[in-house]
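> missing the sequence, but the structure's below:
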């Protein structure tokens, strides 16, 4: 089996690159760094392998967190509960293995993002498994039903749901990925905002049709280049352009307004940017991730295409989950075409703009201002 062991600095570069490429979501950067420190301080390391590293009959599953914003009333449901399960991610994989009576040879990330890329690596390190160099989206997304496995008819079920308070569920069968998402999201809401989910058990043979390959390698390379550019006082934007030749840089400006609402297991809101050079205003709507946009109230970039907002001075990725969008901050926006699997009919049915805005009657690809 051909695999690659990541050094600690490569793991940290992965977080930097994944945060840039995550379209605003994908979990907490701070939690990702904690998980890296714990793993490497314990004498373990992250190991990745491409699909050719496995046998076609080998089994894998997706492991990741599900959750988002909750109301104060939801938070009260768990405020008096003790933490019983300190490693719900590992527990979720073990529960699914036990239910299926199999042993997963590898794990795959649900999406590309700071912590949701690190989670399968950390769990795999603890369970002596390999993490696949790739993910099931190519960016971050707000729902687990938005998955390339859904496009290729790899069933979400059976799947396990584990929280830190000792609750464990096995969903033996779900009507479809959308129903599975609703179940997991609701349990996350009742669990303080997040749960660990192991889902989509599959063979490597089936996985080959679904997985977006080598996204971890790309994120590591990008993170390394951006980190070194900052250390050398070089222009990180030029480095990103060179590392991502398919990127279209569409906007530079400053933050004018930012809103955030946390409810229903999601963090949602709008970001309003004002151009440095024109009177054009770019509005971005996000639900955990950047999904829809308008230029001067006209439809513009939409999911499934990647929509990336970075700090103009450092090139580091920004997220609406934290306090990154303070008024006046200088930002740069670039876009990349979604992987081909998302641009076909079924992909657009699952992750097109009409999923989030019924008035968006057709998928429109932006070119430039």
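That came through, no problem. Remember, it's a predicted structure, so these values are computed and weren't measured experimentally.

> can you tell me the distance between the two ends of stretch 308-327?
18 Å (Cα to Cα, to the nearest Å).

> and the next element down the chain from the worst-scoring helix or strand of the chain on mean pLDDT?
Ranked by mean pLDDT, DSSP states H and E, the weakest helix or strand in the chain is strand 261-263, scoring a mean of 86. Sequence order places strand 266-275 as the next helix or strand after strand 261-263, per DSSP states H and E.

> can you give the distance of that following strand from its chain's centre?
Its chain's C-alpha centre and that of strand 266-275 lie 18 Å apart, by Cα atoms, centre = their mean, to the nearest Å.

> contacts for it, please.
The contact list for strand 266-275 (Cβ atoms under 8 Å, 6 or more residues apart in numbering) reads 68-69, 142, 251-262, 281-288, 290, 309, 320-321, 325, 331, 333. In this view, the C-beta of every residue, glycine as well, is placed from N, C-alpha and C.

> try stretch 281-288
Contacts of stretch 281-288 (Cβ under 8 Å, 6+ apart): 24-25, 68, 140-142, 251, 253, 256, 266-275, 290-297, 300, 307, 309, 320-321, 333, 356-357.

> where does the chain dip in pLDDT?
Within the chain, the stretches with pLDDT under 70 are 1, 361-369.

> how is it divided into domains?
4-213, 242-354 (automatic domain parsing).

> can I get the ones you listed in TSV with distance to residue 231?
As requested, the domains of the chain are arranged in TSV below (distance: least, Cβ to Cβ, whole Å):
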stretch	distance to residue 231
domain 4-213	12
domain 242-354	11
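
> out of these, deepest packed?
domain 4-213 (a mean of 21; mean count of other Cβ atoms under 10 Å).

> so how far is that domain off the chain centroid?
10 Å.

> span of that domain from start to end?
15 Å.

> likewise for stretch 282-295?
OK, stretch 282-295 end separation, Cα to Cα: 5 Å.

> among the domains of the chain, which comes closest to residue 228?
Ranking the domains of the chain by proximity to residue 228 (Cβ to Cβ) places domain 4-213 first, at 9.2 Å.

> the contacts of strand 266-275 in strands, which ones?
Counting by DSSP state E, those place 251-258, 261-262, 281-287, 290, 309, 331, 333 in strands.

> longest helix anywhere in the protein?
helix 215-231 (DSSP state H).

> helices or strands up against that one?
On a contact count with 3 or more Cβ pairs under 8 Å, 6 or more residues apart in numbering; DSSP states H and E, helix 215-231 meets helix 8-21, strand 130-135, helix 236-243.

> by how many degrees do it and helix 236-243 diverge?
Put simply, helix 215-231 runs at 150 degrees to helix 236-243, going by axes from the mean of the first three to the mean of the last three Cα atoms, to 10 degrees.

> quick one: residues contacting residue 324.
So residue 324 contacts residue 318 (Cβ under 8 Å, 6+ apart).

> any idea how far it is from residue 77?
Taking Cβ to Cβ, to the nearest Å as the measure, residue 324 and residue 77 are separated by 29 Å.

> and if you look at residue 320?
Counting by Cβ to Cβ, the gap from residue 320 to residue 77 is 25 Å.

> now do residue 271
30 Å.

> residue 268 now?
21 Å.

> could you do residue 33 as well?
29 Å.

> residue 102 touches residue 158, doesn't it?
No - using Cβ atoms under 8 Å as the test, residue 102 is too far from residue 158 to be in contact (11.2 Å).

> what do those two both touch?
Common neighbours of residue 102 and residue 158 (Cβ under 8 Å, 6+ apart) are residue 201.

> where along the chain do the helices fall?
8-21, 29-41, 72-76, 88-100, 114-127, 148-151, 177-189, 204-207, 215-231, 236-243, 340-343, 345-351.

> of these, which approaches residue 198 most closely?
helix 88-100 (4.1 Å).

> what does that closest one contact?
Taking Cβ under 8 Å, 6+ apart as the rule, helix 88-100 contacts 61, 63, 65, 85, 103-104, 107, 119, 122-123, 126-127, 158-164, 168, 170, 172, 195-199, 201.

> nearest residue to residue 260 other than its sequence neighbours?
residue 269 (4.2 Å; Cβ to Cβ, 6 or more residues apart in numbering).

> for the one you found, give its distance to residue 113.
18 Å.

> before we move on, what about residue 56?
Residue 56 is 28 Å from residue 113, by Cβ to Cβ.
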